[in-house]
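Undergrad: I would like to see how this sequence folds:
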Amino acid sequence: MPTGLATVGHDDEGSRGPKASTSFVTVSLWAIQLDRRITRLMGLGRSNGCAFADSPLNTPIQRMANVSLRPAPGDGPTTEELISAVDSGFYVVGDKSWSIDMQRYNFQFTGQRFFRIEKGKLAGQVRDWPISRRTTDFWGAMKAVGGESTYHLGGAFNCGRGPARPGSPRGATAVHQRCSGASTC
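TA: Numbering: from 1, shown residues only. A predicted model of the protein is given here:
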């Protein structure tokens, strides 16, 4: 992303980063997060330029620095239109804290602000409502994505594991279906 906080020509290992965006949908995550050690072990071509360290004293690790959810093509729905289609749910604004395991399978986050949605309208703010899910279940439950007007490229100067390279993990407004009573979704 040209304006992403982690957009660099080369990573901390000296590997060139990709020149264009790559879709997680068409290419698996492991094929995107390749550092020099992994490519050598797997007999693959070259690193994807994703190895960053949190300081000069530490070894670079694979990081997903500029990951974002692309907006729906064309005009797509606005955030207000997406909210109006939700009978009961929550609208999360911003991020407060987040963490994801090394396998990128389980994650948790809290938002800066949460609003309850009732019958397609915002119905008051909710305090400290954490979200903890399996990554595959969360993305599998996505039902709608907003258009260009909902896309926001923000940024963070740290990652869920402490100080690190800056990144821009943002995207378009999205609707995810909640699971009724299932702790794994």
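Undergrad: now tell me which helix or strand of this protein has the poorest mean pLDDT.
TA: Lowest by mean pLDDT, DSSP states H and E among the helices and strands of the chain is strand 162-167, with a mean of 47.
Undergrad: right, and the helix or strand after that one?
TA: Per DSSP states H and E, the first helix or strand lying C-terminal to strand 162-167 is strand 174-176.
Undergrad: what sits up against that next one?
TA: Residues outside strand 174-176 that contact it (CB atoms under 8 Å, 6 or more residues apart in numbering) are 69, 82, 85-86, 89, 138, 141-146. Glycine gets a C-beta too; all of them are placed from N, C-alpha and C.
Undergrad: low-confidence regions, the protein specifically.
TA: 1-2, 6, 20, 23-31, 64-66, 95, 154-170, 179-185 (pLDDT under 70).
Undergrad: one more time with 90
TA: 1-76, 89-114, 126-142, 148-185 (pLDDT under 90).
Undergrad: so where do the helices sit in it?
TA: Using DSSP state H, the helices of the chain run over 29-32, 36-42, 79-84, 135-140.
Undergrad: go through the second one and flag the buried ones.
TA: Judged by neighbour count (16 or more other CB atoms under 10 Å), helix 36-42 contains these buried residues: 36, 38.
Undergrad: residues contacting that helix, please?
TA: Residues contacting helix 36-42 (CB under 8 Å, 6+ apart): 13, 15, 44-47, 51, 62.
Undergrad: output the residues you listed in a markdown table; the columns should cover neighbour count.
TA: Below are these laid out as a markdown table (neighbours: other CB atoms under 10 Å):
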| residue | neighbour count |
| --- | --- |
| 13 | 16 |
| 15 | 18 |
| 44 | 12 |
| 45 | 8 |
| 46 | 11 |
| 47 | 23 |
| 51 | 23 |
| 62 | 20 |
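Undergrad: tell me the one among those nearest to residue 177.
TA: residue 62 (30.2 Å; CB to CB).
Undergrad: what is the neighbour count of the residue nearest to that closest one when sequence neighbours are not counted?
TA: Spatial nearest neighbour of residue 62, excluding adjacent residues (CB to CB, 6 or more residues apart in numbering): residue 33 at 4.4 Å. By other CB atoms under 10 Å, 17 other residues sit near residue 33.
Undergrad: could you tell me how far residue 33 is located from residue 63?
TA: 8 Å (CB to CB, to the nearest Å).
Undergrad: next, show the common contact partners of those two.
TA: Residues touching both residue 33 and residue 63 (CB under 8 Å, 6+ apart): residue 50.
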